[in-house]
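Engineer: after the sequence you'll find the predicted model.
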Amino acid sequence: MSDTTRDTALDQLGRAAYSLSAADSRLRGRATRTPGALSLTHARALRMLAEAGPLPIGQLAAATETTGAATTQLVNGLAAVGYVTRERPADDKRSVLVALTDAGRSRHQERQAALAQALDAALAHHDTTALGTATDVLRQLAAIYDQL
């Protein structure tokens with residue numbers, strides 16, 4: 001591949017990354033205006049709680065790659081719609097565990113099914129090697145964003 005062709009491909013990748021970021025912003029906006037809509041951060045929190053069980057705010061923040069303050073706001077929103085509860089462990093009255101409710105687990109499962117279906121439909125023409133490459137590229141983009 002020539003340098004010009006590679007530069008063009010990298011430019012297109014950068015533009016696609018900006019488009020993905022813009023789509024995430026739009027999704028976050030819908031999540032604040034539309035009842036039942038979930039941002040990617042909301043969906044990550046529900047997924048982490050479904051996989052790990054109840055977590056303290058700090059661990060949920062780390063798992064969702066957000067700050068403690070942002071996670072507290074996130075939990076407030078999820079609790080307001082009935083997707084999570086806050087529980088005090090019997091052995092430590094100072095900490096609070098965030099737990100998924102039945103409604104939260106159901107919403108998580110719905111979201112995961114919708115995501116899986118959308119990914120399968122949109123990416124049906126890509127084989128597993130291409131999907132693996134895309135996964136690697138997205139992880140590298142995340143690392144680049146953390147460095148910017």
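Structural biologist: Received the coordinates, thanks. Everything numeric in this text was worked out from a predicted model, so none of it was measured. Numbering: from 1, shown residues only.
Engineer: buried ones in the worst-scoring helix or strand of the chain on mean pLDDT?
Structural biologist: Ranked by mean pLDDT, DSSP states H and E, the weakest helix or strand in the chain is helix 3-33, scoring a mean of 88. Neighbour counts over helix 3-33 (16 or more other Cβ atoms under 10 Å) mark 17, 27-28, 31 as buried. Yep, even glycine has a C-beta here, placed from its N, CA and C like the rest.
Engineer: and that helix, how far out from the chain's middle?
Structural biologist: Here helix 3-33 is found 16 Å from its chain centre; the criterion is Cα atoms, centre = their mean, to the nearest Å.
Engineer: kindly report the same for stretch 19-37.
Structural biologist: For stretch 19-37, the distance to the chain centre is 12 Å (Cα atoms, centre = their mean).
Engineer: what sits up against that stretch?
Structural biologist: 38-42, 81, 107 (Cβ atoms under 8 Å, 6 or more residues apart in numbering).
Engineer: out of those, what pair is the most spread apart?
Structural biologist: 40 and 81 (16.5 Å; Cβ to Cβ).
Engineer: so where do the helices sit in the protein?
Structural biologist: 3-33, 40-52, 57-64, 68-80, 102-122, 128-147 (DSSP state H).
Engineer: check the gap between residue 3 and residue 104 for me.
Structural biologist: According to Cβ to Cβ, to the nearest Å, residue 3 stands 50 Å off from residue 104.
Engineer: likewise residue 10?
Structural biologist: Residue 10 is 40 Å from residue 104, by Cβ to Cβ.
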